[in-house]
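# the following comprises the amino acid sequence and a computationally predicted model.
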Amino acid sequence: MNDHVYKQIELTGSSTVSSDDAIRCAIARASKTLRHLHWFEVTETRGMIENDQITRWQVTIKVGLRIDE
């Protein structure tokens, strides 16, 4: 069994749909230029309110990238 080493980065995704969609947007965009995305942890959740309605979700996540061997 191999031991793994990870690098952590922080990403913030936003969405008008939901907090889950904001996470998916951040991971989808990062996966276009980064390899070996392995796990994530939600560190902050924010939202924007306009006219008494939630109009945007913003979620900050830590993402673990597995380092090549």
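Sure, I can see it.
# and the helices in the chain?
19-30 (DSSP state H).
# shaky segments in it?
Scanning the chain for pLDDT under 70 picks out 1.
# residue 19 and residue 43: what is the separation?
Look at residue 19 and residue 43: by CB to CB, to the nearest Å, they are 13 Å apart. All C-beta atoms are positioned from the backbone trio N, CA, C, and that covers glycine.
# neighbour-wise, which of these two wins?
More crowded of residue 19 and residue 43, by other CB atoms under 10 Å: residue 19, with 18 against 12.
# how about the nearest residue to that one, chain neighbours excluded?
residue 57 (4.5 Å; CB to CB, 6 or more residues apart in numbering).
# same thing with residue 24?
residue 13 (7.4 Å).
# you'd agree that neighbour is up against residue 59?
Yes - between residue 13 and residue 59 there is a contact under CB atoms under 8 Å: 5.6 Å.
# next up, the contacts around residue 9.
When contacts are counted by CB atoms under 8 Å, 6 or more residues apart in numbering, residue 9 is found next to 30, 34, 62, 63, 65.
# nearest to residue 5 among those?
Residue 5 lies nearest to residue 65 out of these, by CB to CB, at 9.8 Å.
# fine, thanks again, bye for now.
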